[in-house]
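# return a 3D structure for these sequence lines:
(one chain, ligands or ions: 2)
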Amino acid sequence: MEEGVRPAPCRAKGGAPGFKVAVLGAAGGIGQPLSLLMKLNPLVSVLHLYDVVNTPGVTADVSHMDTTAVVRGFLGPKQLEAALTGMDLVIIPAGLPRKPGMTRDDLFNKNAGIVRTLCEGVAKCCPNAIVNLISNPVNSTVPIAAEVFKKAGTYDPKRLLGVTTLDVARANTFVAEVLGVDPKQVSVPVVGGHAGVTILPLLSQVNPPCSFNPDEISYLTKRIQNGGTEVVEAKAGAGSATLSMAFAAAKFSDACLRAMRGDAGVVECSYVASAVTELPFFATKVRLGRGGAEEVLPLGPLNDFERAGLEMAKKELMESIQKGIDFMNK
Ligand SMILES: NC(=O)C1=CN([C@@H]2O[C@H](COP(=O)(O)OP(=O)(O)OC[C@H]3O[C@@H](n4cnc5c(N)ncnc54)[C@H](O)[C@@H]3O)[C@@H](O)[C@H]2O)C=CC1
Ligand SMILES: O=C([O-])CC(=O)C(=O)O
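Numbers count the residues shown, from 1 in each chain. Ligands and ions are numbered 1, 2, ... in the order given. From the prediction side, this is the model:
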């Protein structure tokens, strides 16, 4: 038998400056590459990896990367509180992914309870942490998290952010393909929510300014709205987007960390508590700051096609939000 790993005889000099970040669901399809990417982030000094399975292996593996962050693993509900205590940022990709033929809402029954439990842990152990919520259906899980925090008396709407960065990444990629340019040069605002018609790309507000013909608008809108389903079908039962999602989550979390450090002008799309429409939650551009979503930015001018899309998005979103709130108040 191989010898076990004994603790290193450290000459401790105190912790490196930086933020303490936890990934909940760290052993999953998103969790593993996301943990790797967070270990690469120089703004992270401590990285806690929590899951109900397999975290010892993932932790041992990621911890051997010679980057600054100190990595610790936590396994199962008994270790949730230790995983969360003292965290500045909590990223949550825990929960079931879709299989072909399912909608994101079909995940509600399994994932609502998982998100509730994990957010109860956040409220108890790191009530001031900023939360990046990835678990689907995001349109409902963010309202669930808000209700958990309200019940615990810790709710600050600025600190709860639903991650919709993958919609923006897809929009940038597909628009760049049509325009024949590098996706890095393209910025497409995607508003609304994170499922089907609630994903509303604002092609009239693409930066740098450009125009599309009706065929391009129809193709791009459908492809962006169906990006998740495109991956689910291509994976044919083996899950949903994991690598592009880990990339998108790492990008969004890095933006949160830079804003928490005090960088100015950090703006990302995110699904947050919002007064931009009559709905209590909505994704738009938000200005990130030390306290999270410091300012929710307005929608900007919409064309007729986008206004019609907004009405469809709001109808579906309203039901998903109410379903999340009802889950917590039944
Ligand atoms: N917001 C977005 O844009 C996207 C969201 N997602 C969602 O992210 C979630 C995760 O997707 P994958 O990583 O592909 O799934 P996965 O099944 O590969 O991994 C999920 C992980 O969560 C863990 N888990 C389950 N219950 C838990 C609990 N109570 N506490 C902690 N961990 C728990 C599992 O053990 C597993 O390791 C899904 O709900 C999926 O729909 C996926 C892609 C994009
Ligand atoms: O489609 C899914 O189920 C996963 C997801 O949210 C995405 O890839 O956008």
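# from here on, just use CA atoms for contacts and neighbour counts.
Will do.
# pretty sure residue 90 contacts residue 19?
No. Residue 90 is beyond contact range of residue 19, at 10.7 Å (criterion: CA atoms under 8 Å).
# tell me how far whichever residue of the stretch 101-250 of the chain sits closest to ligand 2 lies from ligand 1.
Distances between the stretch 101-250 of the chain and ligand 2 by CA to the nearest ligand atom are smallest at residue 228, namely 3.3 Å. Remark: distance between residue 228 and ligand 1 (CA to the nearest ligand atom, to the nearest Å) = 7 Å.
# begin at 652 from now on, thanks
I'll keep to 652 as the first residue from here, and by that count the last item is residue 879.
# neighbours of that residue, how many?
Residue 879 is flanked by 22 other residues according to other CA atoms under 10 Å.
# list the contacts of the one helix or strand it maps to.
Assessed by DSSP states H and E, residue 879 sits inside helix 878-886. By CA atoms under 8 Å, 6 or more residues apart in numbering, the residues outside helix 878-886 that reach it are 749-751, 818, 821, 889-892.
# torsion angles phi and psi at whichever residue of the stretch 652-801 of the chain sits closest to ligand 2?
Distances between the stretch 652-801 of the chain and ligand 2 by CA to the nearest ligand atom are smallest at residue 749, namely 4.7 Å. Per-residue torsions, residue 749: phi -70, psi 160 (degrees, to the nearest 10).
# distance of it from residue 679?
Remark: distance between residue 749 and residue 679 (CA to CA, to the nearest Å) = 13 Å.
# what of residue 797?
24 Å.
# for ligand 2, what are the nearby residues on the stretch 702-851 of the chain?
748-749, 755 (CA under 6 Å from any ligand atom).
# possible to save the residues you listed as JSON lines with neighbour count?
As requested, these are exported to JSON lines (neighbours: other CA atoms under 10 Å):
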{"residue": "748", "neighbour count": "24"}
{"residue": "749", "neighbour count": "22"}
{"residue": "755", "neighbour count": "21"}
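# which of these lies closest to ligand 1?
Using CA to the nearest ligand atom, those come closest to ligand 1 at residue 748, 3.9 Å.
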